[in-house]
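Engineer: Below: sequence and its predicted model.
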Amino acid sequence: MAIFNFSRAEKDVIIQRIQQYFSKELDQKIGQFEAGFLLTFVSEEIGPYFYNKGLHDAEAILHKRMDDISGAIDSLVKPTSGR
């Protein structure tokens, strides 16, 4: 189940970054094919964790902003005879 639909250009950049990481950090050379398989694995198996975390973080920000807006609106309320 792929939740990330990267463009060809984005995939090429990510694959290149994976290859650079393996070369620099692990002193191993991997080809585009292998890096592409790793990208697919990370996208399908690990990506949903990052995706869900991003959604929850965005939701928390929206809740905070809504609380701020509600507070700002409350501060503008004018007293009425019923209040």
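Structural biologist: Received it, and whenever you're ready, just let me know what you need.
Engineer: Please identify which helix or strand holds Asn52.
Structural biologist: helix 47-76 (DSSP states H and E).
Engineer: Ignore what I typed, I meant Thr80.
Structural biologist: Per DSSP H and E: nothing holds Thr80, as it lies in no helix or strand.
Engineer: Ile30: what secondary structure?
Structural biologist: coil (DSSP: H, G, I helix; E, B strand; the rest coil).
Engineer: quick one: contacts for the closest residue to it other than its chain neighbours?
Structural biologist: The spatially closest residue to Ile30, leaving aside those adjacent along the chain, is Phe22, at 4.9 Å (Cβ to Cβ, 6 or more residues apart in numbering). Where C-beta positions appear, they are placed from N, C-alpha and C, glycine not excepted. Contacts for Phe22 (Cβ atoms under 8 Å, 6 or more residues apart in numbering) come out as Gln28, Lys29, Ile30, Ala35.
Engineer: Which among the residues you listed count as buried?
Structural biologist: Ile30, Ala35 (16 or more other Cβ atoms under 10 Å).
Engineer: What is the neighbour count of Thr40?
Structural biologist: Look at Thr40: counted by other Cβ atoms under 10 Å, it has 14 neighbours.
Engineer: so where's the protein shaky on pLDDT?
Structural biologist: Counting by pLDDT under 70, the chain shows low-confidence ranges at 1-2, 83.
Engineer: before we move on, back to that, tell me which residues of the helix holding Asn52 are tucked away?
Structural biologist: Within helix 47-76, the residues that qualify as buried are Gly47, counting by 16+ other Cβ under 10 Å.
Engineer: just to revisit the earlier point, any idea which helix or strand carries the residue nearest to Ile30?
Structural biologist: helix 8-26.
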